[in-house]
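K.L.:
Make a model of this:
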Amino acid sequence: MNDDVPVSSRRQLRHTAAAALSAVSLLALAACGSADPTPTTASSHDVFKPVAQKEGSEITVWADAARVPGVQAYQKAHPDVKMKIVTYSGNANGATDLQTKVQLFDRTGSGWPDVAFSANVNDASWASQGKTPYAAPVNQGVVSQSTLKGFADGALDPCTVNGDTYCLRNDLAQNVLWYNKKLMDKFGYSVPTTWEEYQALGEKVAKEHPGYLVGTAGDAWSPEVYFWASQCPASTATGAKKVKVDLQDSKCTRMAKLLDSLIAKGSVSKDTVFSAGFIKSKASKVLMLPGPSWYGQVLFNSTFKIPKGQIAAASPLKFEGDAKNYTGNVGGGLWFVSSHSKNLKAASDLVTWMATSNAYQATAGTYPAYKEAAVAWLAGQQRTGYFAEDVSPVFQEAAELIWPGWSATQYSQEAIYSSTVIPALNSGKTLTDTLDTWETAITDKAKSLGYTVN
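P.N.:
Alright, predicted model coming up:
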């Protein structure tokens, strides 16, 4: 997810879901974003040369309110580490605090936080750039290779630029197929395994149980749920500051046509799941909902208030002609170590602990990107007794199925979808109708940020 989702959309999400999300700041991860930064020169993949190190010196840590307790827990467990903790927005809900401050510190030559958390999964696309990038390439001796290898396959892709890894992933937001098992059993429906079966069931639901839903297309992150899973090349990096944007590709048009069919029949909503109207009148009628792993506790439990024992998760769907099923990702925070840090040892140890330690990650609000911590986290989910079935196998499977062809960029897919596609849908146009306009909007934004589009 991405950069600058319109303020009005984010304000609506905050107002309707604030209570559910305040504890773990998950909406920040769901609609994670920031405004587009100033175009910069691509990294040259140089050998990292740390500044002069001062062992035992104080490190400054910037984190959002949800992560600060974890940082404090680390500080308590490591009393010898001198640390200054600063609470900031975490670049959530459209904030640009980290980029803005880093640009200021670049001009003044001091002030960079040694460690920074960002809820925006795209932030490595700017933090890795420039003459002296803010982020240190952690794969160059800052974090051990054994630690880096412990993350889920593809988890560090948003952190990897020109062969170097500039951050550690805090969590994943892999998409799965959520469904209400109680309702599915009541209606006598089987859980689909392909998008074709999903479409057929959606058409059947519209006819047999009008008003019930199998999905939504009005969320800012709908592209990441549906088009990413369809392997649509909406933004595929082909080189440094080069992207492929082709929404007329058959893997884009097939998903547009599928959703258009179900929107027309009424079983896919054009609303967002966090709107007050949806929560009040449609939440109890959600039969299926493709979406991120955090939907389970944040959306179904805390926001929709669906009773315990009803909600389950199934594997990501595939199209019948595809060799395997892929999925997308809606969120996932990042931990940066500053290239300017005078105490890389302390900074990297903190970041490693926050991203990988069971002591923190096992009880965090979202699915850990580190595989070992994810196992402990899933055991905790099972102990809550909320889900109708154990979600562990599905979550673990989906974590390894995120299609690598959807690249982190300095522009926001969500912002463009929100400003281009959602208004068109609400005016009566189809997704297929808007593909050309949508592609043009992505292309124009990418070019304005210095990308070459092919």
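
K.L.:
buried residues in stretch 315-335?
P.N.:
For stretch 315-335, burial by neighbour count (16 or more other C-beta atoms under 10 Å) applies to 315-319, 325-335. Every residue, glycine included, has its C-beta placed from N, CA and C.

K.L.:
With stretch 299-316 instead?
P.N.:
Within stretch 299-316, the residues that count as buried by 16+ other C-beta under 10 Å are 299-304, 306, 310-316.

K.L.:
For those, give me CSV that also has pLDDT and distance to Pro50.
P.N.:
Shown next, in CSV, are these (pLDDT from 0 to 100; distance: C-beta to C-beta, whole Å):
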residue, pLDDT, distance to Pro50
Leu299, 96, 43
Phe300, 97, 46
Asn301, 95, 45
Ser302, 94, 43
Thr303, 96, 45
Phe304, 97, 48
Ile306, 98, 50
Gln310, 98, 52
Ile311, 98, 48
Ala312, 98, 48
Ala313, 98, 43
Ala314, 98, 47
Ser315, 98, 44
Pro316, 98, 41
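
K.L.:
show me the contacts for Ala256.
P.N.:
Thr430, Leu431, Thr432, Leu435 (C-beta atoms under 8 Å, 6 or more residues apart in numbering).

K.L.:
rewinding a little: among the buried residues of stretch 299-316, which are in strands?
P.N.:
Ile311, Ala312, Ala313, Ala314 (DSSP state E).

K.L.:
any chance of those in CSV, with distance to Ala264 too?
P.N.:
Below are these laid out as CSV (distance: C-beta to C-beta, whole Å):
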residue, distance to Ala264
Ile311, 27
Ala312, 28
Ala313, 27
Ala314, 25
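
K.L.:
Which of those residues sits closest to Gly215?
P.N.:
Within these, proximity to Gly215 (C-beta to C-beta) peaks at Ala314, which comes in at 13.4 Å.

K.L.:
Check whether that closest one really touches Val176, as I assumed.
P.N.:
Yes. At 6.6 Å, Ala314 counts as touching Val176 under the criterion of C-beta atoms under 8 Å.

K.L.:
intersection of neighbour lists for the two?
P.N.:
Val394.

K.L.:
next SSE after the helix or strand Pro69 falls within?
P.N.:
Pro69 is part of helix 68-77 when elements are defined by DSSP states H and E. Note on helix 68-77: by DSSP H and E, the next helix or strand toward the C-terminus is strand 83-87.

K.L.:
okay, the angle between that next one and helix 68-77?
P.N.:
Computed by axes from the mean of the first three to the mean of the last three C-alpha atoms, to 10 degrees, the angle separating strand 83-87 from helix 68-77 equals 170 degrees.

K.L.:
sorry, back to before: tell me which of the buried residues of stretch 315-335 is nearest to Asp390?
P.N.:
Among the buried residues of stretch 315-335, Ser315 lies closest to Asp390 (C-beta to C-beta), at 13.4 Å.
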